[in-house]
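Participant: Need coordinates for the below:
(one chain, ligands or ions: 3)
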Amino acid sequence: MEMEGFAPSGSREAELLQKIDESRLPRHLAVIMDGNGRWAGSRSLPRVAGHRAGIESVREIVESSARLGMEALTLYAFSVENWKRPRSEVRTLMALLKKYLRQELGQIHANNIRFLAIGRIRELEASVREELRHAMRVTAKNTGMHLYVALNYSGRAEIVDAFNLLLRERRKNGDTAPVDEEAIARRLYTSAVPDPDLLIRTSGEMRISNFLLWQIAYSEIYITPTYWPDFRRLHLLEAILEYQKRDRRYGGIQAPCEGKP
Ligand code: IPE
Ligand code: IPE
Ligand code: MG
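Facilitator: Numbers count the residues shown, from 1 in each chain. Ligands and ions are numbered 1, 2, ... in the order given. Take a look at the predicted model:
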C-alpha cells in the first residue's frame, strides 16, 4: 500500500508497506505490551525505566495504527493481577499513564482517535480516573480509530460484568428468554467494534494472561521475542504482513486455490 510520509523512501518500513495489502488490514488489533521489565534488566536499568521507554512504543503504534486505517486498537496496559507488583512500580505506572495522556491527548484528538479506558476503572485512584474521563470526554465525538486502553482489566471480570449487566436488565424487564452469545457480546467493553483480527504479544511469553478472553475466539495470534520498548512501526508492519499470510478458516476448510483440481 502507498502512504505519503509514513516511512522514508528506501527504508525497510517503506519496503514492508509496499507489500501490505490495503484491503486485508486487521480491522481490530489487540496488543499485550509485555517485556518492559526485561528490556530494562538487559540494560541494568530499574524496571520503571522500561515502562518509561515503553511509552514511546505506545505513541508510535497508536499513530501508525490510526494512519493505516484500523478501526480499533486495544492495548493491555494494566491487569487486575498487576496489583501484586511492588507499590512503587504500580505508582510509577499510574503516573506514567497520566503523563502519557497529558502529553498525547492533543495528538490523539488531532488524529480523530476516540480514546476509551476499559476495565474496572472505578477502582483506580481518583486522579487517574479524572485524567481518563477528561480524555474520553475530549475525544468522544471523534469518528476515527477507537483506542481502547485496558486498565485494571481482566477478561474474566469483563465477562462477569457483562453477565451482571444482562441480569440487571432482565430483572427490570421481566425477561426470561434464553440468553444467546449475542446478548453477552453486546455487553462487553469492546462491543462497539469487531473482535480483534490480530493479537500481538511482545517479549515471547506464550500465554494470554487474562486478556479479551471472549473476543479472541478466532483472532490470529502473533508472538514476537521483541520487548515492548523495542517494538516500533517496523515490527507492526512485520506482524501485519505475517497476519496477511494466514489462512483464516474459522473451522471451515482451506479456500480452493485457483488452477488446482
Ligand atoms: C509490561 O511489561 C508492562 C506491564 C505489565 C504493566 P512487564 O512489566 O510485564 O515486563 P516483564 O514482563 O517483567 O519483562
Ligand atoms: C500482561 O503482562 C499484562 C499486561 C501487559 C498489562 P504480565 O507481565 O502481567 O503477564 P504475565 O504475568 O507474564 O502473565
Ligand atoms: Mg510481563
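
Participant: need the contact list for Ser154.
Facilitator: For Ser154, the contacting residues are Ser79, Val80, Glu81, Gly119, Arg120, Asn210, by Cβ atoms under 8 Å, 6 or more residues apart in numbering. No exception for glycine: its C-beta is placed from N, CA and C like everyone else's.

Participant: backbone phi and psi for it, please?
Facilitator: As for Ser154, its main-chain torsions (degrees, to the nearest 10) stand at phi -150, psi 130.

Participant: From the contacts of Ser154, pick the one nearest ligand 1.
Facilitator: Nearest to ligand 1 out of these is Ser79 (Cβ to the nearest ligand atom; 6.8 Å).

Participant: Neighbours of that closest one, how many?
Facilitator: Counted by other Cβ atoms under 10 Å, the residues lying close to Ser79 total 20.

Participant: Write out the residues of the chain neighbouring ligand 1.
Facilitator: Proximity of the chain to ligand 1 is confined to Met33, Asp34, Gly35, Asn36, Gly37, Arg38, Phe78, Asn82, Leu93, Ser203, Trp228 under the rule Cβ under 6 Å from any ligand atom.

Participant: give the contact list for Lys98.
Facilitator: Ser127, Val128, Glu131.

Participant: want to throw those residues into a markdown table with secondary structure, neighbour count and pLDDT?
Facilitator: Converted to a markdown table, these look like this (DSSP: H, G, I helix; E, B strand; the rest coil; neighbours: other Cβ atoms under 10 Å; pLDDT from 0 to 100):
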| residue | secondary structure | neighbour count | pLDDT |
| --- | --- | --- | --- |
| Ser127 | helix | 11 | 98 |
| Val128 | helix | 20 | 98 |
| Glu131 | helix | 20 | 98 |
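
Participant: in the protein, which residue is closest to the centre?
Facilitator: What sits nearest the mean C-alpha location of the chain, by Cα atoms, centre = their mean, is Thr74, with 2.0 Å.

Participant: ok now do that residue, which residues does it touch?
Facilitator: Contacts of Thr74 by Cβ under 8 Å, 6+ apart are His28, Leu29, Ala30, Val31, Ile118, Tyr148, Val149, Ala150, Thr190, Pro196, Leu212.

Participant: So it belongs to a strand, correct?
Facilitator: Yes: under DSSP: H, G, I helix; E, B strand; the rest coil, Thr74 sits within a strand.

Participant: any idea how far it is from ligand 1?
Facilitator: 15 Å (Cβ to the nearest ligand atom, to the nearest Å).

Participant: Roughly how far does His109 sit from Ala117?
Facilitator: 15 Å (Cβ to Cβ, to the nearest Å).

Participant: Of these two, give the one with the bigger neighbour count.
Facilitator: Higher neighbour count among His109 and Ala117: Ala117, with 24 against 16, using other Cβ under 10 Å.

Participant: Pull up the pairing partners for the helix or strand that contains that one, direction included.
Facilitator: If you go by DSSP states H and E, Ala117 is part of strand 114-118. Sheet pairing here is set by DSSP bridges, and for strand 114-118 it gives strand 146-153 (parallel).
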